[in-house]
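Visitor: next comes the sequence, and after it the predicted model I'd like to discuss.
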Amino acid sequence: MKRQAWVVIGAMLLGVPLLAQGKPLTVTGVRGVTFGAVLPGVPRVVLRTDPANSGQFDIKGPKGGPVLLSFVLPLTMTGPSGALMPITFGASDGGFSSTASIGSQVGFDPRQPTTVIFPNNGNVSVFVGATANPAANQRAGAYTATITLTVTYL
Amino acid sequence: MRITKLSLAVAALVVTGTTLQAQTNNASITATASVQTPINVVGAQQLNFGNVFPGVNKTVAATDLTNGGRFDVSGQASTPVTLSFTLPASLSSGSNTMPIASYSAIHALLNTQVGGVAFSPAAGATTPLSGTGALFVWVGAQVQPATNQAAGVYTGSITMTVVY
């Protein structure tokens, strides 16, 4: 009986921190990557530190735990009549901010899954930069692509 | 029986913890761009020296609307473009050549050349397209036929490249 009680207590102790960390994990797409006006033949770079044009995700969730960030990144943007325009992401185009501030980021490669540690308040932001590479004869018009961030609490 | 209940309780806690640890979520944002009008360049008029006599230099001014070479450019309205040229050093007629001593150029927003700006085609120029996305460029040059220049039709290619 005494041994069984210890088992239950141990299990509860194990369960308590897990429940505390188990705050619902939410990911919100706050802002898209905006290239604005792009001239044919002229690459357009949006830095992850650009407060107006960089992409931003806000994440709320576990406190103080390791979290895996993984992106699904497009290779092209789609425009009028199915015209395609290459979009590229560099090795430092991802930015993780443990203070949810664009002014305080640690760069990472969004092309690779990346593990980060959440702060104790469980609120972070992820920023994204990219480069649009229009051809010299790129068809004029509006182009779009989707960037998806998946967050997994490890 | 009591042991079984405790085991279930432990199992439930462990299962609960495992589920919480495996939380995953995702969201998407959109990348957007507005691609502007591509540049189009047309060789609208040839640079024409007409009849040239041996030993007599012949000049066609860039201001010569009839004989000067002309390129018509279209693109994104009011957007700066850079002009650069590939200029032949001579004209050719078979194996015979005739030197081109100099070049001149003018760019203007109107095809009448009103308000045009002279520039050296060898150096190139940067200028905005008009409010309707147009630009006109004229090229002049001087040929220097030798006194013993062989008779014939001489030609050469002038290429203008325009980039944003």
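Guide: Arrived safely. Numbers count the residues shown, from 1 in each chain, chains lettered A, B, ... in the order given.
Visitor: what's in contact with stretch B:84-101?
Guide: Contact with stretch B:84-101 is made by B:52, B:57, B:103, B:105, B:121-122, B:124, B:139, B:141-146, B:149-150, B:152-161, B:163, as judged by CB atoms under 8 Å, 6 or more residues apart in numbering or on different chains. C-betas here are computed from N, CA, C, even on glycine.
Visitor: now those residues: which count as buried?
Guide: Among those, the ones that count as buried by 16 or more other CB atoms under 10 Å in any protein chain shown are B:52, B:103, B:105, B:121, B:139, B:141-145, B:149, B:154, B:156, B:158, B:160, B:163.
Visitor: farthest pair within these?
Guide: B:149 and B:163 (37.1 Å; CB to CB).
Visitor: bridging residues for the spatially most central residue of chain B?
Guide: Closest to where the C-alpha atoms of chain B average out (CA atoms, centre = their mean) is residue B:162, at 2.2 Å. For residue B:162, the residues forming beta bridges with it (DSSP bridges) are residue B:83.
Visitor: I'd like the next helix or strand past the helix or strand bottoming out on mean pLDDT in chain B.
Guide: Ranking every helix and strand in chain B by mean pLDDT, DSSP states H and E puts helix B:2-21 at the bottom, with a mean of 43. Using DSSP states H and E, the helix or strand that follows helix B:2-21 in sequence is strand B:24-35.
Visitor: packing partners of that next one?
Guide: Taking 3 or more CB pairs under 8 Å, 6 or more residues apart in numbering or on different chains; DSSP states H and E as contact, the helices and strands that strand B:24-35 lies on are strand A:26-31, strand A:33-38, strand A:55-60, strand A:76-78, strand A:84-88, strand A:130-132, strand A:141-153.
Visitor: of all those strands, which gets the most neighbours per residue?
Guide: Stretch with highest mean neighbour count among the helices and strands packed on strand B:24-35: strand A:130-132 (a mean of 24; mean count of other CB atoms under 10 Å in any protein chain shown).
Visitor: ok, it near chain B or not?
Guide: Yes: judged by CB under 8 Å from any CB of the partner chain, strand A:130-132 and chain B are in contact via A:130, A:132.
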